[in-house]
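A.B. asks: need coordinates for the following:
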Amino acid sequence: MNNAIKQIIEKAKSENRTALTEIEAKQVFKEAGLQVTDTRLAVSKNDAIAMSKSIGYPVVLKIVSPEIIHKTEANGVKLNLKTAEEVGKAWDEIMASAKEKFPAANIHGVAVQGMAKSGLEIIIGMTQDAQFGPVLMFGLGGIFVEVMKDVSFGITPITKRDAGEMIRSIKGYPLLNGFRGTPKIDVANLESWLLKLSDFARTYPEIKEFDLNPVFAYAQGAMVVDARIILK
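C.D. replies: Okay, here's the model as predicted:
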């Protein structure tokens, strides 16, 4: 059991929270061995501007609040910001919209992260089933998961063979295997992620569900761009 992960979970529980913030969730998954985008918490507009300069433009700003799970509902996401002026304006708009739409929310600040290199969008998730325990989900992310619902499931603990079957059983697998000139995705890396997340889900039963969506999958490696963890 990883002490850093345990401390993050215990802190949220001590504050009577049932959800981790995106920054906390990314810290957890980084500790679990996944590659995540460098995401920092800005508590003021000046912080956001300074962090954006440090990370390097273009950047993304997102509202950070345990009560705002779906950030787009609060108009809480601003993409591809290229100057300090754009960051400052985005900060003002995000904070104003979040306070209007979620007046009771505890707003920690705004997450600042670099724009990740585009890749094939993947979703990986987990839910606790009353009978089977943690069940992993794998599929194509973005519009694919919303429109096609092209996902597979695996009851943990999974084996390397199980991980491979989860990936290859989705209808969109040809997109991972190099389709009409698109890069072939690093499937072996995704298999290793599923195995890590299988162990992770069984090690921390206090986690009710999680979503990594999207994960940008590349010809080499992958990157968690957004993450959500819900506690029991």
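A.B. asks: low-confidence ranges in the chain?
C.D. replies: 143-148 (pLDDT under 70).
A.B. asks: where do the helices sit along it?
C.D. replies: 3-14, 22-31, 45-55, 84-101, 143, 160-168, 173-176, 187-203 (DSSP state H).
A.B. asks: what bridges to V60?
C.D. replies: Beta-bridge partners for V60, by DSSP bridges, are Q113.
A.B. asks: out of the helices of the chain, deepest packed?
C.D. replies: The highest average neighbour count among the helices of the chain, using mean count of other CB atoms under 10 Å, belongs to helix 22-31 at a mean of 22. C-beta: built from backbone N, CA, C; applies to glycine.
A.B. asks: just the C-alphas of that one, formatted as PDB.
C.D. replies: Presented in PDB, the C-alpha positions along helix 22-31 are these (Å, rounded to 0.1, in the frame of the first residue of the first chain):
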ATOM      1  CA  GLU A  22      -8.700  16.300 -10.300                       C
ATOM      2  CA  ILE A  23      -5.300  17.300  -8.900                       C
ATOM      3  CA  GLU A  24      -5.600  14.800  -6.100                       C
ATOM      4  CA  ALA A  25      -6.800  12.100  -8.500                       C
ATOM      5  CA  LYS A  26      -3.800  12.700 -10.800                       C
ATOM      6  CA  GLN A  27      -1.400  12.600  -7.800                       C
ATOM      7  CA  VAL A  28      -3.000   9.200  -6.900                       C
ATOM      8  CA  PHE A  29      -2.600   7.700 -10.400                       C
ATOM      9  CA  LYS A  30       0.900   9.100 -10.700                       C
ATOM     10  CA  GLU A  31       1.800   7.300  -7.500                       C
END
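A.B. asks: could you dump the helices of the chain to JSON lines with distance to V110?
C.D. replies: Converted to JSON lines, the helices of the chain look like this (distance: least, CB to CB, whole Å):
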{"stretch": "helix 3-14", "distance to V110": "19"}
{"stretch": "helix 22-31", "distance to V110": "10"}
{"stretch": "helix 45-55", "distance to V110": "6"}
{"stretch": "helix 84-101", "distance to V110": "6"}
{"stretch": "helix 143", "distance to V110": "26"}
{"stretch": "helix 160-168", "distance to V110": "35"}
{"stretch": "helix 173-176", "distance to V110": "33"}
{"stretch": "helix 187-203", "distance to V110": "27"}
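A.B. asks: quick one: closest of those to S65.
C.D. replies: When the helices of the chain are compared by CB to CB, helix 84-101 sits nearest S65, at 6.9 Å.
A.B. asks: what distance do you get for V36 to L190?
C.D. replies: Taking CB to CB, to the nearest Å as the measure, V36 falls 15 Å from L190.
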